[in-house]
Each structure stands twice: as C-alpha cells, then as structure tokens.
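> sharing a model prediction with you, sequence too.
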Amino acid sequence: MTFPWNLPLYGLAGLAGGLLALRSGIPAAPLAGALLAAGLVSMSGRLPQAQWPVGTRTVLEIGIGTVIGTALTGSALAELRQLWRPALLITLTLVLTGVVVGLWCSRLLGIDPVVALLGAAPGGISGMSLVGAEFGVGAAVAVLHAVRLITVLVLLPLVVRLVVPGGTSPPG
C-alpha cells in the first residue's frame with residue numbers, strides 16, 4: 001500500500017481545529033475541534049476520503065483506551081466504593097433510555113437502527129464512533145455524539161448554575 005498523502009492534510013486540519021477549539025474553554029474542546037475540522041475537510045470533497053494504513057486504527061484505539069485508563073486512579077476507586085449504587089443506577093438508566101430513544105428515533109424518523117442505537121447510547125464521541133466504525137457507521141454516530149456533546153457542554157453548566165445552590169462558579 002502506498003502512503004496516502006491526504007492523511008497529513010487531514011491531520012493538519014484536525015490539529016488546527018483542536019488548537020482553535022482550545023480557545024473556547026469548553027471541556028473536550030480539542031477532540032470536538034479536531035472532529036469538526038477534519039469532518040468539514042472530508043465533507044468538502046476536496047480531498048479523497050481518508051484511507052488509514054492497516055493497523056493505524058488499532059493503535060489509535062489503544063491510545064484512546066490508555067488515555068482513559070490513566071484517568072482511573074486509586075482515589076477514583078475509593079470514590080467508587082461510596083458511589084457504586086448511584087453509578088449503577090445512572091448507568092442502567094442511561095443505557096435503557098438510550099435503547100428506548102434509539103429505537104424510537106429509528107422507527108419515527110427512519111434512521112438506521114444501528115446508527116440510532118449507537119447515537120443514543122451514553123458515551124463519548126471517540127469511544128462510540130469507534131464502536132460505530134466496527135459496524136460501518138462511525139461517521140454518523142460521531143455526528144450524533146458531537147451534536148449531543150457540544151449541546152451538553154454548552155447547556156449543562158448553565159443548568160447547574162441555575163439549579164444547584166452555590167453552583168455558580170467552578171472549583172479552582
């Protein structure tokens with residue numbers, strides 16, 4: 001396989017988008033910015049669709065798993081001892097709600113059931129779009145999660161400030 005010369009251009013677009021998004025101050029800004037920028041370049045049709053060298057995706061998945069795994073610390077485990085019940089309740093509720101909403105969207109809006117179920121599933125853009133890619137619908141799942149994540153990141157801090165007493169400023 002020859003080296004796909006469009007990959008560095010996609011990489012530069014993602015880097016520029018990620019760095020630009022950092023200035024927004026929203027959580028996960030680099031991920032959202034890179035996704036948006038590389039997606040816009042891809043959707044423009046000016047470059048051929050990216051064909052990643054064999055094994056690249058596996059390496060990237062390992063990298064994402066490693067980044068997420070390193071965030072799990074001993075203090076997180078200690079907190080889980082106290083928070084396992086709410087964690088279980090929240091997880092079950094979100095998964096069941098995601099299944100119901102996904103099936104509902106699929107039937108009412110005519111969306112592919114796989115896209116709808118993975119798009120409505122709790123999880124982040126990177127993880128869910130990688131799962132979606134396994135089913136051949138990664139881009140569609142990424143779009144749904146990007147819209148959800150950006151909306152949540154913009155609206156939820158406002159909701160917290162309005163609803164939670166003393167929730168007017170982040171700790172710091």
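Now that the structure is in, tell me what you want to look at.
> contacts, neighbours, all on C-alpha from now
Fine.
> check which helices and strands the longest helix along the chain sits against.
Ranked by number of residues, the top helix in the chain under DSSP state H is helix 74-109. Where contact means 3 or more C-alpha pairs under 8 Å, 6 or more residues apart in numbering; DSSP states H and E, helix 74-109 is packed against helix 113-120.
> which parts of the helix it packs on are buried?
Residues of helix 113-120 classed as buried by neighbour count (16 or more other C-alpha atoms under 10 Å): 114-120.
> from the residues you listed, which two are the most distant?
Val114 and Ala120 (9.9 Å; C-alpha to C-alpha).
> helix or strand: which one has Pro165?
Following DSSP states H and E, one finds Pro165 outside all helices and strands.
> what's the local residue count around it?
Neighbours of Pro165 under the rule other C-alpha atoms under 10 Å: 8.
> measure Thr56 to Leu155 for me?
Distance, Thr56 to Leu155, by C-alpha to C-alpha, to the nearest Å: 35 Å.
> count the residues that sit near Gln15.
Slight slip there: residue 15 is Leu, not Gln. Burial of Leu15 is recorded as 19 neighbouring residues (other C-alpha under 10 Å).
> that one sits in which helix or strand?
Element membership for Leu15, per DSSP H and E: helix 6-22.
> and that helix, what other elements does it pack with?
helix 29-44.
> so for the protein, the centremost residue is which one?
Centroid-nearest residue in the chain: Ile125, 1.2 Å away (criterion: C-alpha atoms, centre = their mean).
> hang on, that residue packs against Ile150?
No - with contact defined as C-alpha atoms under 8 Å, Ile125 does not count as touching Ile150 (10.4 Å).
> check contacts around Ala120.
98-99, 101-102, 144-145 (C-alpha atoms under 8 Å, 6 or more residues apart in numbering).
> 6 Å instead?
Applying C-alpha atoms under 6 Å, 6 or more residues apart in numbering to Ala120 gives the contacts 98, 102.
> coming back round to it: which residues does the helix holding Leu15 contact?
29-30, 33-34, 37-38.
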